[in-house]
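Q: Turn this into a structure:
(one chain, ligands or ions: 2)
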Amino acid sequence: MRVLTGIQASGKLHIGNYFGAMKPMIELQEREELFTFIANYHSLTTSKDAALLRELTLDAAIDYLSLGINPDKTTFWVQSDVPEVLELYWILSKFTPMGLLERAHSYKDKVAKGIPANHALFSYPVLMAADILLMDTEKVPVGKDQIQHVEMTRDIAIKFNNEYGEIFTLPEYQVEDHIATIPGIDGQKMSKSYNNAIDIFMETEKKLQKRCNQILTTSTPLGEPLEYNGCHVYNLAALFLDDAGKSDLQRRYQSGEEGYGHFKKYLKELIWEEFAEAREKRAYYIEHPEVVREILNEGANKMRKIAAEKMRTVREVVGIL
Ligand code: ADP
Ligand code: TRP
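A: Ligands and ions are numbered 1, 2, ... in the order given. Prediction:
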């Protein structure tokens with residue numbers, strides 16, 4: 001099964017991103033033919049700063065490689081390194097009714113948030129359709145906010161196929177409903193916009209401890225048993241533990257011998273340990289950006305072969321010389 005995921009590079013990754021999006025993706029590469037790219041043309045629609053966009057693109061590549069994207073198993077590239085996608089985007093535009101784009105929730109949401117309404121923002125779903133259709137994607141794992149974009153991709157592909165025969169594969173979206181929403185330090189959904197996130201790559205253990213200490217807890221006097229149910233520290237720690245580890249932590253809560261400070265320290269240790277290997281890899285890639293570039297180039301070369309073949313067919317059926 002050919003699976004495609006697009007990554008918007010948006011800065012520092014937090015634990016919610018890891019458990020909600022990256023870990024499932026990294027597990028997927030063991031079972032499926034995974035294609036993953038950094039959608040920097042999409043990011044351009046909301047970017048204000050060229051240097052920052054470049055930096056975020058490379059940072060995202062480094063973070064994903066460090067956390068487990070394996071270039072021997074997964075084709076990994078940067079969107080703009082496969083320019084065929086822009087040609088397909090233009091051709092698909094002809095099969096995209098204005099009404100379809102006018103109904104897009106994400107466009108309306110972004111404009112409501114004050115992002116200037118321009119054509120790139122408006123036609124964003126057509127570029128996403130091009131990403132997906134260019135390589136005969138069968139499955140697209142997405143968050144709920146992206147379902148409509150995959151549905152629009154199908155509509156565009158159906159219109160095209162009705163005219164020219166079965167050129168494009170119709171993709172299915174896959175929403176991982178069973179994945180829980182990870183709470184932030186205040187118990188609300190962890191999000192970089194809520195200032196409640198715990199970042200994966202904290203510079204020092206001390207800073208990570210400081211962040212863990214900010215997790216909201218009740219004020220139960222030391223010596224009394226603590227309730228682990230509903231405790232944000234427990235809920236976060238549980239993400240890193242197997243069943244035996246969770247039972248053990250529950251016992252520690254109930255014993256009344258330890259306070260929240262102990263559990264916050266334990267959580268810090270769990271997080272620091274979980275990402276120890278990733279931190280080392282990341283330090284290596286930061287020192288050796290040429291290695292990252294090489295991996296991305298290899299991915300792009302592989303993709304360009306697939307893209308060139310598809311575009312030969314598409315050009316021919318629509319009549320481009
Ligand atoms: P943020 O809310 O920090 O801006 P994004 O919207 O960039 O995060 O999310 C990127 C990916 O991480 C999405 O697939 C999203 O579903 C996942 N994700 C983000 N926050 C959480 C969370 N608190 N719990 C589970 N998954 C999350
Ligand atoms: N729009 C997606 C997001 O914001 C990113 C994306 C771009 C994408 N092209 C894609 C995702 C193709 C899946 C397939 O998350």
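Q: Quick one: list the elements packing against the strand or helix carrying residue 155.
A: Residue 155 belongs to helix 147-164 when assigned by DSSP states H and E. Counting contacts by 3 or more C-beta pairs under 8 Å, 6 or more residues apart in numbering; DSSP states H and E, helix 147-164 packs against helix 98-102, helix 105-112, helix 119-133, strand 139-142, strand 172-175. Heads up, the C-betas are built off the backbone N, CA and C, glycines and all.
Q: Can you mark which positions in that helix are buried?
A: Neighbour-count burial for helix 147-164 flags 148, 149, 150, 152, 153, 154, 155, 156, 157, 159, 160 (criterion: 16 or more other C-beta atoms under 10 Å).
Q: mind exporting it as CSV, just the C-alpha atoms?
A: Output in CSV follows, covering the C-alpha atoms of helix 147-164 (Å, rounded to 0.1, in the frame of the first residue of the first chain):
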residue,chain,number,x,y,z
ILE,A,147,-10.0,15.1,5.7
GLN,A,148,-11.8,17.6,3.5
HIS,A,149,-8.6,18.2,1.5
VAL,A,150,-8.4,14.5,0.7
GLU,A,151,-12.1,14.4,-0.3
MET,A,152,-11.4,17.4,-2.6
THR,A,153,-8.5,15.4,-4.1
ARG,A,154,-10.8,12.6,-4.9
ASP,A,155,-13.3,15.0,-6.5
ILE,A,156,-10.6,16.5,-8.7
ALA,A,157,-9.3,13.0,-9.6
ILE,A,158,-12.8,11.8,-10.5
LYS,A,159,-13.4,14.8,-12.8
PHE,A,160,-10.0,14.2,-14.5
ASN,A,161,-10.6,10.5,-14.9
ASN,A,162,-14.1,11.0,-16.2
GLU,A,163,-12.6,12.9,-19.1
TYR,A,164,-9.4,10.9,-19.8
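Q: Could you pull up the mean pLDDT of that helix?
A: Average pLDDT, helix 147-164: 98.
Q: Is that helix positioned near ligand 1?
A: No: Helix 147-164 stays clear of ligand 1 (C-beta under 6 Å from any ligand atom), getting no nearer than 11.9 Å.
Q: where does this protein come near ligand 2, residue by residue?
A: 4, 5, 6, 8, 39, 42, 128, 131, 132, 140, 146.
Q: which among the residues you listed gets closest to residue 208?
A: residue 8 (25.1 Å; C-beta to C-beta).
Q: That closest one touches residue 41, doesn't it?
A: No: between residue 8 and residue 41 there is no contact under C-beta atoms under 8 Å: 10.7 Å.
Q: Neighbour count for those two, which is higher?
A: In this view residue 8 and residue 41 are compared by other C-beta atoms under 10 Å, and residue 41 has more residues nearby, 20 against 13.
Q: For ligand 1, see how far away the more buried one is.
A: 17 Å (C-beta to the nearest ligand atom, to the nearest Å).
Q: In contact with the nearest residue to residue 233 once chain neighbours are set aside, which residues?
A: Of all residues not flanking residue 233 in the chain, residue 263 sits nearest, at 4.8 Å (C-beta to C-beta, 6 or more residues apart in numbering). Neighbouring residues of residue 263 by C-beta atoms under 8 Å, 6 or more residues apart in numbering: 226, 231, 233, 234, 237, 249, 252, 253.
Q: Many thanks, we can stop here.
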